[in-house]
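> This is the structure alone, sequence omitted:
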């Protein structure tokens with residue numbers, strides 16, 4: 001099987017945003033169209049992207065016509081995803097690779113792109129900017145949003161006993177502030193260098209850079225998560241930047 005041909009990269013282009021949003025979901029049917037605070041999850045992601053000062057075109061990859069129509073209504077472009085990479089077993093990477101190859105067939109790609117997930121409803125444009133800026137200022141191939149974790153982590157040792165992960169349970173209990181800093185991946189924002197990603201096919205193209213975000217960043221993986229985010233929306237949406245008016249041209253800002 002032949003290798004995909006190299007794609008053209010234009011270093012002057014701002015990062016594009018890719019938002020995978022398939023129509024099917026076993027846990028929450030129609031999840032990407034579910035509203036939080038009266039706004040569908042997909043629309044929240046598109047609005048966050050369009051509120052960013054550091055990105056350019058915004059594209060949604062989906063196999064679902066209703067999702068595609070909403071994407072275009074919100075000012076993004078719609079890339080129709082083949083059914084073969086839209087099932088329950090399909091990875092986000094497969095959607096990203098398809099989207100980049102499709103876009104590259106008609107125009108050069110930017111050196112960076114941003115991958116957003118609809119399951120993080122409180123992403124903001126400022127957070128996207130922070131992750132992009134961190135990657136730009138580093139030698140990493142990928143940067144991603146994290147939140148500080150201040151708790152004591154445990155795991156089973158394989159014999160039914162507990163063992164500390166980020167602390168030594170054999171020693172007197174440490175103060176939380178004395179723990180070595182650890183971070184929880186939010187799953188919301190990934191800024192990735194285009195060429196290394198196309199070569200590896202994996203979002204975690206080493207070296208990678210965790211970027212701390214000082215904000216609540218819940219993910220929606222269950223109906224319970226969705227209900228919780230609905231309760232949080234009135235509080236967390238107060239500080240969200242207003243989204244810009246949808247510009248003409250679909251995927252253009």
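Structure's in. What do you need? In this text, all values refer to a predicted model and were calculated from it rather than measured experimentally.
> hey, let's count contacts and neighbours off CA atoms from now on
OK.
> pLDDT below threshold where in the stretch 101-250 of the chain?
For the stretch 101-250 of the chain, the stretches flagged by pLDDT under 70 are 239-250.
> what are the ranges of the helices in it?
Listed in chain order, the helices of the stretch 101-250 of the chain (DSSP state H, counting those that start in this stretch) span 125-136, 194-200, 223-236.
> Give the other helices and strands that the shortest one contacts.
Contacts defined by 3 or more C-alpha pairs under 8 Å, 6 or more residues apart in numbering; DSSP states H and E place helix 194-200 against no helix or strand at all.
> Going by neighbour count, which residues of that helix are buried?
For helix 194-200, the neighbour count (16 or more other C-alpha atoms under 10 Å) marks 194, 195, 196, 197, 198 as buried.
> For the fourth one, give me its contacts.
Taking C-alpha atoms under 8 Å, 6 or more residues apart in numbering as the criterion, residue 197 is in contact with 203, 205.
> out of all of them, which strand in this structure is the longest?
What stands out as the longest strand in the chain, according to DSSP state E, is strand 182-193.
> which parts of it are buried?
Under 16+ other C-alpha under 10 Å, the buried positions of strand 182-193 are 185, 186, 187, 188, 189, 190, 191, 192, 193.
> Could you do stretch 224-233 as well?
226, 229, 230, 232, 233.
> mind checking how far the closest residue to the third one other than its chain neighbours is from residue 181?
The shortest distance from residue 230 to any residue that is not its chain neighbour, by C-alpha to C-alpha, 6 or more residues apart in numbering, is 5.1 Å, and that residue is residue 36. Remark: distance between residue 36 and residue 181 (C-alpha to C-alpha, to the nearest Å) = 32 Å.
> What of residue 200?
Going from residue 200 to residue 181 by C-alpha to C-alpha gives 29 Å.
> partner residues bridging residue 79?
Counting by DSSP bridges, residue 79 forms beta bridges with residue 61.
> Contacts only, for it.
Shown in contact with residue 79 (C-alpha under 8 Å, 6+ apart): 59, 60, 61, 62, 68, 99.
> ok, and the most crowded of these?
Counting neighbours by other C-alpha atoms under 10 Å, the top entry in the contacts of residue 79 is residue 60, with 30 neighbours.
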